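Novice: build the 3D model from these lines:
(one chain, ligands or ions: 1)
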Amino acid sequence: MLKVIQLDKTYGSNKHSLKNVNFTAQPGEVTAIIGPSGAGKTTILRSINQLIRDDSGQILLDGQDIRQANKAGLRKIRHHIGMIFQNYNLISPLTALENVLHGRLGAKSTVAGMLGLYSNEEKTEALELLDEVGLKEYAYQRCDQLSGGQQQRVGIARALMQHPKMILCDEPIASLDPKSTKIVMDILRRLAKDKQLIILINLHQVDIAMEYADHVVGINSGAIVFEGATKTVDDDVLQKIYRQTDDAKTVVSANEN
Ligand SMILES: Nc1ncnc2c1ncn2[C@@H]1O[C@H](COP(=O)(O)OP(=O)(O)OP(=O)(O)O)[C@@H](O)[C@H]1O
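Specialist: From the prediction side, this is the model:
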């Protein structure tokens, strides 16, 4: 289980981006973080794997506080946290298979990783994972020759190659058409159930959150304003999550400029 307790993050001296953030995400479930632009969704995900250092609080993954880990400990923890990004973050000239194998880098020595030395077992597993996301026949194709939806599926297979406990997905479908969105979200939901993974997803699309999430965390201006089962999200809850605060108005107008 992921348990975030009293997480606070201030950018610079006065930009208070997360304010006393508390929520949990369970294995076997898709948890969606929803909220207006600039609410703090990405900041939460990046704090969880310590890509940015937060100011205070606890981030417990199966009881272990990620914030307290030393450098070696953090590397180990991160190895079991897959990441999926809006822009896929694949290495374009490499094949789908090579990109999936990169999911093992965190478990290898630097030299083996740099030389691209992968065992036959690892190659077999990477092919199986590509099969699992419906891309076996694309294994030897360069990633820049794949569609956006296919690239995102390679990203999912790469995350699975880490043998993750949890996958953090930052706007995974923002660049995808409806058909690819459905394929990617169906895969993420199936993986949560079949592999008992914690799947935590930042989403802009409320309808997709309602369709695919088991659990919803609503954030507005850095504060959690709702947490609960998706079926308990009604219009009042959505209004609370998406209400225009002075902070949100500032971000919206900044984005419009
Ligand atoms: N590196 C940074 N330096 C200063 N402020 C930042 C930085 N990154 C984010 N912020 C601010 O922190 C707040 C939360 O940003 P964040 O990107 O987490 O929001 P978000 O909910 O993910 O937004 P979006 O949906 O638009 O991606 C915003 O006010 C943003 O301007």
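
Novice: hey, C-alpha coordinates of the lengthiest helix in the chain in CSV?
Specialist: Scanning the chain for the helix with the most residues, using DSSP state H, yields helix 178-195. Provided in CSV are the C-alpha atoms of helix 178-195 (Å, rounded to 0.1, in the frame of the first residue of the first chain):
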residue,chain,number,x,y,z
PRO,A,178,-9.9,7.8,-27.9
LYS,A,179,-9.2,4.3,-29.4
SER,A,180,-5.6,4.3,-28.1
THR,A,181,-6.8,5.8,-24.8
LYS,A,182,-9.1,2.8,-24.3
ILE,A,183,-6.4,0.3,-25.1
VAL,A,184,-3.9,1.9,-22.7
MET,A,185,-6.4,2.3,-19.9
ASP,A,186,-7.8,-1.2,-20.3
ILE,A,187,-4.2,-2.5,-20.0
LEU,A,188,-3.5,-0.5,-16.9
ARG,A,189,-6.7,-1.6,-15.2
ARG,A,190,-6.0,-5.3,-16.1
LEU,A,191,-2.4,-5.0,-14.7
ALA,A,192,-3.6,-3.5,-11.4
LYS,A,193,-6.0,-6.4,-10.9
ASP,A,194,-3.9,-9.3,-12.3
LYS,A,195,-0.5,-8.3,-10.8
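
Novice: who's in contact with it?
Specialist: 27-30, 133-134, 147-149, 152-153, 156, 160, 167, 169, 172-173, 176, 197-199, 201, 205, 208, 211-212, 214 (Cβ atoms under 8 Å, 6 or more residues apart in numbering). To be clear about C-beta, it is placed using only N, CA and C from the backbone, and glycine gets the same treatment.

Novice: list the buried residues for the strand or helix carrying K123?
Specialist: Assigned by DSSP states H and E, K123 falls within helix 120-132. Within helix 120-132, the residues that count as buried by 16 or more other Cβ atoms under 10 Å are 122, 125-127, 129-130, 132.

Novice: least confident secondary structure element in this structure?
Specialist: Among the helical and strand segments of the chain, the one scoring lowest on mean pLDDT, DSSP states H and E is helix 246-256, with a mean of 44.

Novice: which ones are touching the residue lying closest to Q6 once chain neighbours are set aside?
Specialist: Excluding its sequence neighbours, the residue lying closest to Q6 (Cβ to Cβ, 6 or more residues apart in numbering) is G57, at 4.5 Å. G57 makes contacts with 4-8, 21, 67, as judged by Cβ under 8 Å, 6+ apart.

Novice: phi first, then psi, for G57.
Specialist: For G57, the backbone dihedrals (degrees, to the nearest 10) come out as phi 120, psi -170.

Novice: can you pull the phi/psi pair for the closest residue to L74 other than its chain neighbours?
Specialist: Spatial nearest neighbour of L74, excluding adjacent residues (Cβ to Cβ, 6+ apart): Q50 at 6.0 Å. For Q50, the backbone dihedrals are phi 60, psi 30 (criterion: degrees, to the nearest 10).
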